[in-house]
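[1] Everything below, folded, please.
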Amino acid sequence: MQFASKPRRKLVLYLAAVVVSWLAIAVVAGVQPYVGFLPILLLPAVAVAEHYGGLGPGVLSIMMCTVGSLLLMRVPLSVPEEVHSLTNLAVFPAVAASLLWVMHSRRQQQQLGEERRVELSTLLESMPEAVLIFDPSGRPVEVNSAAVAFTGLTREELLEYSTARLARHLAVQTEDQPVDFPNLAVTRALRGEVVRNESRVFSPPPDHNRIQAVVSASSLRGRQGEIIGALVVVRDVTEITQLQQRVADTERHLAIGQMAAGIAHDFNNVLDTISQAVGVLEIRPEQSVEDRKVVLRMIHNAVRRGTEIITRVQEYIRGGTGQQAPVDVRQMLEEALELTRPLWRNVPGLAVVQELRPVSPVLANAADLRRVFTNLIINAIQAMPQGGQLTVHCEQNTGTVAAWVGDTGAGIPPEAQKKIFLPYYTTKPAGTGLGLSTAQKIVLSQRGKIRFSSEPGQGTTFWVELPAMAPEQAPARIA
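    Numbering: from 1, shown residues only. Here you go, the predicted structure:
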């Protein structure tokens, strides 16, 4: 039977103990005129109240039965002693049987509890993740060998640590900030919350090496629905994170490799301009100061252009640092178009339409945002090997800045549309499957949204929406 709340269930159990006790007293009162006072009949009521209700209802039953016995003892009776003794003897087997049943049930529960404890211990030891079980006060009561190895403590030491002390020992952090006690996974689980796959960084002694981990936690509840503890699972994902970073680096280098020929062409143009300008200075050393300034200005502009090319490539390869600052989305789109110019300029019949309106700044990481737009533009170009229209757009909406990159290519097949944001899923022979998944991760980390629409044979459009900065926080809009 389900009850609305724990207090209501307790109240029902206490009321049930009162009812059982008074029933027992009524039975004793009913037989008393014929066989005398038989307090032994009250014992089953106490046993039943304790078995089903626990210690509190059991104690209440004892008190009720004691009060009832005192009242019954004041009633004068004239029952032969022999009849009273024989009745006591006849009742004894029934009372003893009821107590034996209660004791047998309790022993079975204890045996079952011990068997479950052995099964739980075996299960925990078979898990590669660090698993800790905490009691309601926040102290570990059961841990597996992986948890012992993870914390660098012995099992005995670990079971003596409180939650706060264990958190300090492991130096738990999120986003390079220590996690406060109320926000610890175990603390939240003991409040009834469910924690699923939250990223944490640990630095346990003695080496204090940074360990990237994913933490999950859930409440453990008793038969009455009360929280009796918490289960915490810590999975070390340091190697996976490093592998993903290396694959992401490969993705960036692959994109640069695709643009290398065009970049080399642009840089050769820069060098050719400088070479021709130097040649003019050598051939005509008698030029006037004004003429020489014009030539020197050409050299300076060419050097600046070359520096911009190298800087843009370096920023794309390096990626973001995670630090956020006011960023102009329109500027990021312009830089992404410039970076991908060698790709779209060499596709015959490819038209580029720029619809870049003035927008408010957004709080984001410029390098990461540039990388998102560059990847979207590269995907759009690759979807139109025979030419088409590449459209890059940004606009100001209420409270947000929206940008989208569209193509008129073949579109995304319906069976692939549900998978395109999954890591390592790719339809390209040389792809890594991390371009769109990384773009989604970056946009979500900057409190934005990314979505797409695609029609086979019609093309694909990707939208990115980011929250605009408040006017009092943002620098002046760039016109």
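
[2] Determine the three-state secondary structure at the residue nearest to the spatial centre of the chain.
    Residue closest to the mean C-alpha point of the chain, counted by Cα atoms, centre = their mean, is residue 198 at 3.1 Å. Recorded secondary structure, residue 198: strand (DSSP: H, G, I helix; E, B strand; the rest coil).

[3] residue ranges of the helices in the stretch 251-400 of the chain, please?
    Along the stretch 251-400 of the chain, counting by DSSP state H, counting those that start in this stretch, helices occupy 289-318, 329-339, 341-345, 366-382.

[4] Kindly state which of the ones you listed is positioned closest to residue 47.
    helix 366-382 (68.4 Å; Cβ to Cβ). Heads up, the C-betas are built off the backbone N, CA and C, glycines and all.

[5] Now do that closest one against helix 329-339: the angle between them, please.
    Angle of helix 366-382 versus helix 329-339, following axes from the mean of the first three to the mean of the last three Cα atoms, to 10 degrees, is 50 degrees.

[6] ok, the residue nearest to the centre of the chain - contacts?
    174, 185, 214-216 (Cβ atoms under 8 Å, 6 or more residues apart in numbering).

[7] hmm, try it at 7 Å
    Contacts for residue 198 (Cβ atoms under 7 Å, 6 or more residues apart in numbering) come out as 185, 214-215.

[8] and it, bridged to which residues?
    residue 215 (DSSP bridges).

[9] Going forward, count from 57.
    Sure, I'll start numbering at 57, so the last one becomes residue 254.

[10] Determine the set of other helices and strands touching the helix or strand harbouring residue 122.
    Element membership for residue 122, per DSSP states H and E: helix 111-129. Judged by 3 or more Cβ pairs under 7 Å, 6 or more residues apart in numbering; DSSP states H and E, the packing partners of helix 111-129 are helix 62-91, helix 99-109.

[11] Nearest to residue 185, out of those helices?
    With Cβ to Cβ, the closest approach to residue 185 among the helices and strands packed on helix 111-129 belongs to helix 62-91: 31.4 Å.

[12] how far is the closest one from where the chain is centred?
    How far helix 62-91 lies from its chain's middle: 51 Å, per Cα atoms, centre = their mean, to the nearest Å.

[13] on contacts alone, who are the packing partners of it?
    Secondary-structure packing of helix 62-91 (3+ Cβ pairs under 7 Å, 6+ apart): helix 99-109, helix 111-129, helix 137-182.

[14] what are the ranges of the strands in the stretch 407-535 of the chain?
    Using DSSP state E, counting those that start in this stretch, the strands of the stretch 407-535 of the chain run over 418-420, 444-453, 456-463, 505-511, 515-523.

[15] Mind listing the strands the third one pairs with, and their directions?
    In the sheet, strand 456-463 lines up against strand 444-453 (antiparallel), strand 515-523 (antiparallel) (DSSP bridges).

[16] quick one: contacts of the shortest one?
    Taking Cβ under 7 Å, 6+ apart as the criterion, the residues outside strand 515-523 that touch it are 385, 418, 420, 428, 432, 439, 455-465, 467-468, 499, 502-510.

[17] Alpha carbons of it, as PDB, please.
    C-alpha atoms of strand 515-523 as PDB (Å, rounded to 0.1, in the frame of the first residue of the first chain):
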ATOM      1  CA  GLY A 515      20.600  21.400 -49.200                       C
ATOM      2  CA  THR A 516      21.300  21.800 -45.500                       C
ATOM      3  CA  THR A 517      21.200  24.800 -43.100                       C
ATOM      4  CA  PHE A 518      22.800  24.900 -39.600                       C
ATOM      5  CA  TRP A 519      21.600  27.500 -37.100                       C
ATOM      6  CA  VAL A 520      23.600  28.700 -34.100                       C
ATOM      7  CA  GLU A 521      21.900  30.900 -31.500                       C
ATOM      8  CA  LEU A 522      23.800  32.500 -28.600                       C
ATOM      9  CA  PRO A 523      22.500  34.800 -25.800                       C
END
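
[18] That strand - what's its average pLDDT?
    Across strand 515-523, pLDDT averages out at 94.
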